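**Student:** The sequence and its predicted three-dimensional model are supplied below.
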2 protein chains.
Amino acid sequence: MKRPTIADVARRAGVSKGAVSYALNGQPGVSEATRQRILAIAAEIGFSPSSAARALSGATAKAVGLALCRPARILGIEPFFMELISGVEGELAARSYALTLQVVADQDAEIAVYRRWWGERRVDGVFICDLRIDDRRIPVLEELQLPAVVIGGPGHTGNLPSIWSDDAAALVETVEYLVALGHRRVARVGGLPGLLHTEIRTRAFAEVCDRLGLPGAITVPSDYTGEEGARATRRLLSSAQRPTAVIYDNDVMAIAGLSVAQEMGLAIPADLSIVAWDDSPLCQLVHPPLTALGRDIPAYGAHAARHLLSAITGEKMSAFQAETAHLTPRGSTAPPRIR
Amino acid sequence: MKRPTIADVARRAGVSKGAVSYALNGQPGVSEATRQRILAIAAEIGFSPSSAARALSGATAKAVGLALCRPARILGIEPFFMELISGVEGELAARSYALTLQVVADQDAEIAVYRRWWGERRVDGVFICDLRIDDRRIPVLEELQLPAVVIGGPGHTGNLPSIWSDDAAALVETVEYLVALGHRRVARVGGLPGLLHTEIRTRAFAEVCDRLGLPGAITVPSDYTGEEGARATRRLLSSAQRPTAVIYDNDVMAIAGLSVAQEMGLAIPADLSIVAWDDSPLCQLVHPPLTALGRDIPAYGAHAARHLLSAITGEKMSAFQAETAHLTPRGSTAPPRIR
DNA sequence: CGCGTACGCTTAACCGCACAAGCGTGCTGC
DNA sequence: GCAGCACGCTTGTGCGGTTAAGCGTACGCG
């Protein structure tokens, strides 16, 4: 089956290609009657303008890019990206924008992808995830003048617009809640060191524990996998002054931690309170259900998409603060049996 | 920063645009010395040919599409798609193919997306997931002659090439294993009815239970979510002749079922054996760890990608049978305490 | 009545690349 | 010595859109 082109529409409408182009793009230059006739014919023969030709003649590619730099096993296990993508998609689809996805091995590969996309004019803009401190991607994108929205922060985003959530505040709220329950020895199993949001949480945790006078508050770095979460938990629970509450940087590690604790004969929440960051349905499936810090990830993605589309149209965008994660107390937190 | 074009490369190399094109595409028509010089200059100034121009002048779009038709909450919870994507990506990236992703609401929207992609020449081919019986997407893609690979089957793929895994055999193996342990009352919590692989599993389950003379073997349909899995489990365990073993169509429902069973005071595996389809790290995090049917999803995706790329180059592809899921026994299965 | 102008459409020039056809050069074969 | 040909490159065309410029027509106005 031959793909219809603008010339086919023009021929059937008895007008020139230019007229069809004006009609389809809502530009002035054709009468309303002609416009309607052209639109009807286009719909009838199922015409969609070639994105290639359109992109070539200076218009936009009608596509944005997302490069993910995580190993496959972590990508699969974390609902975050898939939820983000589905939120992003909702906005993009409404404007007929396509999402181009690429999984990359490391930051160098990711930068190479951006340069290639830019050179190929394949995308009109990109999302940047997993922001790092002194992130090398930022200056590259600024140099290329490729519209971009950083998903993360605050700060460290150069002049790029961003969307962020106040993880520090959420963490402070959580620690204060645990302290209010009577906990004094609180520990944290962190995400990948080097990621900005991990560092922000780590600093906020240290500060709030210091402020509240909690002794030996410690963050054990991890990598979001269950194995590492289990290992970190085992280490924490084996120490002389073992914590009575642990905050995990994602749900998978929290579930792994729960398993380890139960394995070691601890009663949850009597002997150990557990809080998970990222509230997924999984948190409600385990026993006891996990107290978790949740937020609406699809909405976050949708906002990021709107932000990027605005940036693409040339608007001067800045940092946007999204909803702060909120604590949903469930059965995994309670006053400690022994202080 | 201005994007380099083929003309920039040509000027610096002191040759014509045509020569550069030949050199970059590995075509004859330039001497080896000139080719090397041109390649060096292209690399130096960071030239990537515009995908739009390339696609426009008859070559391929160097992109393939994947439309996902699942609600956001299910997409997020199931590691399957993300793992599939990361496997697909590995193959695509090696050939500089991009993956265009779209999340759609229903099959009509999905078909509209295929028509649009085809008209826009945005993709060279597509993957089809979640195959249904009498799937309406198949005839559309055949009509459009858009290269496609069906991820699913066997059968019901029209003339489209496909890649499939023998779910029936895996299910039979599982039931036989449970029977060998001494189980007589086995039930199953199935995935979304209407999906071909769900139907295949349901039929295989009914057949093998019939063959082995298991009484009242029943499949309760569900939708992959934890809530539904929990509800189905509650129903099964409340029946007069409650099963001593349950097979779940995904890991999330299995974990939910485990929770429900424990909640109802049953000991796992003594009172109830549980098997999960899709072996994710989650299965090892709960207590007891779940016996699961697993396979290498990224490899599955990689194979699908190779299949599609071959189809795009015009090779006549057929159905390819991938590895059958294999059972990994863990702590959630054992001989039943009471037969 | 004649002129200026807004309208509605056409024409044609691009965008950046691939590739067919053309063309000069040097080598081969008879 | 010259036709024939392979080689290495250039020229030119077209892919399917967008868009500036051109152009005829109708209409308003002094």
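**Tutor:** Looks like it arrived, so ask away. No experiment lies behind these values; they were computed from the predicted model shown. Residues are numbered from 1 along each chain as shown, chains lettered A, B, ... in the order given.

**Student:** hmm, who's touching the helix-or-strand element of chain A with minimal mean pLDDT?
**Tutor:** Taking mean pLDDT, DSSP states H and E as the measure, chain A has helix A:72-77 as its least confident helix or strand, at a mean of 78. Outside helix A:72-77, the residues that touch it by C-beta atoms under 8 Å, 6 or more residues apart in numbering or on different chains are A:68, A:81, A:103, A:223-226, A:252, B:79-80, B:82-83, B:85-87, B:280-282, B:297-298. Where C-beta positions appear, they are placed from N, C-alpha and C, glycine not excepted.

**Student:** Which ones among those lie within helices?
**Tutor:** A:81, A:226, A:252, B:79-80, B:82-83, B:85-87, B:282, B:297-298 (DSSP state H).

**Student:** Compare those and tell me which has the most neighbours.
**Tutor:** B:I85 (29 neighbours; other C-beta atoms under 10 Å in any protein chain shown).

**Student:** how far away is it from DNA strand D?
**Tutor:** According to C-beta to the nearest atom of the strand, to the nearest Å, B:I85 and DNA strand D sit 30 Å apart.

**Student:** which ones are touching that residue?
**Tutor:** Contacts of B:I85 by C-beta under 8 Å, 6+ apart are A:75, A:101, A:103, B:66, B:99, B:101, B:301.

**Student:** likewise A:I268?
**Tutor:** A:258, A:261-262, A:274, A:288, A:331-332.

**Student:** helix, strand or coil for it?
**Tutor:** Following DSSP: H, G, I helix; E, B strand; the rest coil, we place A:I268 in the coil state.

**Student:** Just name the closest of the contacts of B:I85 to B:I38, please.
**Tutor:** B:L99 (29.4 Å; C-beta to C-beta).

**Student:** quick one, what contacts that closest one?
**Tutor:** A:100-102, B:63-66, B:85, B:88-89, B:92.

**Student:** who does A:T291 bridge with?
**Tutor:** A:V275 (DSSP bridges).

**Student:** Enumerate the positions of stretch A:216-231 that are buried.
**Tutor:** A:217-231 (16 or more other C-beta atoms under 10 Å in any protein chain shown).

**Student:** ok, and what's touching that stretch?
**Tutor:** A:73-74, A:77-78, A:185-193, A:198, A:202, A:205-206, A:209-210, A:232, A:235-236, A:241, A:248-250, A:252-257, A:259-260, B:281-282, B:284-285.

**Student:** Find the closest residue to DNA strand C in the stretch 201-339 of chain A.
**Tutor:** A:I312 (18.1 Å; C-beta to the nearest atom of the strand).

**Student:** Tell me which residue in chain A sits closest to DNA strand D.
**Tutor:** For chain A, C-beta to the nearest atom of the strand, closest residue to DNA strand D: A:I6, 2.6 Å.

**Student:** got the phi/psi numbers for that residue?
**Tutor:** phi -60, psi -30 (degrees, to the nearest 10).

**Student:** Identify the residues contacting it.
**Tutor:** Contacts of A:I6 (C-beta under 8 Å, 6+ apart): A:17, A:20-21, A:24, A:47, A:49.

**Student:** and with 10 Å instead?
**Tutor:** A:16-21, A:24, A:42, A:47, A:49-50, A:53-54 (C-beta atoms under 10 Å, 6 or more residues apart in numbering or on different chains).

**Student:** can you check A:A325 too?
**Tutor:** A:165-167, A:169-171, A:173-174, A:277-279, A:292-296.

**Student:** one step back: which ones are touching the residue of the stretch 201-339 of chain A closest to DNA strand C?
**Tutor:** Counted by C-beta under 10 Å, 6+ apart, A:I312 has contacts A:60-62, A:64, A:97, A:123-125, A:146-149.

**Student:** near DNA strand C, which residues of chain A show up?
**Tutor:** Proximity of chain A to DNA strand C (C-beta under 7 Å from any atom of the strand) is limited to residues A:14-19, A:22, A:28-31, A:33-34, A:53, A:56-58.

**Student:** Show me the shaky parts of chain A.
**Tutor:** A:1, A:339 (pLDDT under 70).

**Student:** Tell me which stretches of it form helices.
**Tutor:** Using DSSP H, helices in chain A cover A:6-13, A:17-24, A:32-44, A:51-56, A:72-77, A:79-94, A:107-120, A:137-144, A:167-181, A:196-211, A:226-238, A:251-263, A:281-285, A:297-312.

**Student:** The fourth one and DNA strand D, any residue contact?
**Tutor:** Yes. Helix A:51-56 comes into contact with DNA strand D (C-beta under 7 Å from any atom of the strand), by way of A:53-54, A:56.

**Student:** How far does the least confident helix or strand of chain A sit from its chain's centre?
**Tutor:** Relative to its chain's centre, helix A:72-77 lies at 14 Å (C-alpha atoms, centre = their mean, to the nearest Å).

**Student:** what do you get for stretch A:291-309?
**Tutor:** That offset, for stretch A:291-309, works out to 7 Å (C-alpha atoms, centre = their mean).

**Student:** got the buried residues for stretch A:7-20?
**Tutor:** A:8-10, A:12-13, A:15, A:19-20.

**Student:** And stretch A:115-128, by the same measure?
**Tutor:** Using 16+ other C-beta under 10 Å as the test for burial, stretch A:115-128 gives A:115-128.

**Student:** Same check on stretch A:128-139?
**Tutor:** For stretch A:128-139, by 16+ other C-beta under 10 Å, it's A:128-132, A:135, A:137-138.

**Student:** Just the residues contacting that stretch, thanks.
**Tutor:** A:66-70, A:80-81, A:84, A:107-108, A:110-111, A:114, A:126, A:141, A:148-160, A:162, A:164, A:191-192, A:194-200, A:304.

**Student:** Just the buried ones out of those, please.
**Tutor:** Buried, going by 16+ other C-beta under 10 Å: A:66-70, A:80-81, A:84, A:107, A:110-111, A:114, A:126, A:141, A:148-154, A:156-157, A:160, A:162, A:164, A:191-192, A:195-200, A:304, out of those.

**Student:** if we can go back for a sec, of the contacts of A:A325 - the most surrounded one?
**Tutor:** Result: A:A292 is most packed of these (other C-beta under 10 Å), 28 neighbours.

**Student:** ok, it touching A:Q284?
**Tutor:** Yes. If you go by C-beta atoms under 10 Å, A:A292 and A:Q284 touch, sitting 8.6 Å apart.

**Student:** shared neighbours, the two?
**Tutor:** Each of A:328, A:330 lies in contact with both A:A292 and A:Q284 under the rule C-beta under 10 Å, 6+ apart.

**Student:** Need the nearest residue in space to the spatially most central residue of chain A, chain neighbours excluded.
**Tutor:** When C-alpha atoms, centre = their mean is applied to chain A, the residue found nearest the centroid is A:L84 (5.1 Å). In space, and not counting its chain neighbours, A:L84 is closest to A:G301: 4.0 Å by C-beta to C-beta, 6 or more residues apart in numbering or on different chains.

**Student:** That neighbour - how many residues pack around it?
**Tutor:** 28.

**Student:** likewise A:A105?
**Tutor:** 12.

**Student:** ok, it touching A:C69?
**Tutor:** Yes. Using C-beta under 10 Å, A:A105 is in contact with A:C69, at 7.4 Å.

**Student:** tell me the contacts of A:E176?
**Tutor:** A:E176 touches A:208, A:211-212, A:327, counting by C-beta under 10 Å, 6+ apart.

**Student:** ok, back up a step: what is the nearest of the contacts of B:L99 to A:A267?
**Tutor:** For these, the nearest to A:A267 is B:I85 (40.2 Å; C-beta to C-beta).

**Student:** With neighbour count as extra columns, can I get the contacts of A:E176 in JSON lines?
**Tutor:** As requested, these are exported to JSON lines (neighbours: other C-beta atoms under 10 Å in any protein chain shown):
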{"residue": "A:V208", "neighbour count": "20"}
{"residue": "A:R211", "neighbour count": "11"}
{"residue": "A:L212", "neighbour count": "15"}
{"residue": "A:L327", "neighbour count": "18"}
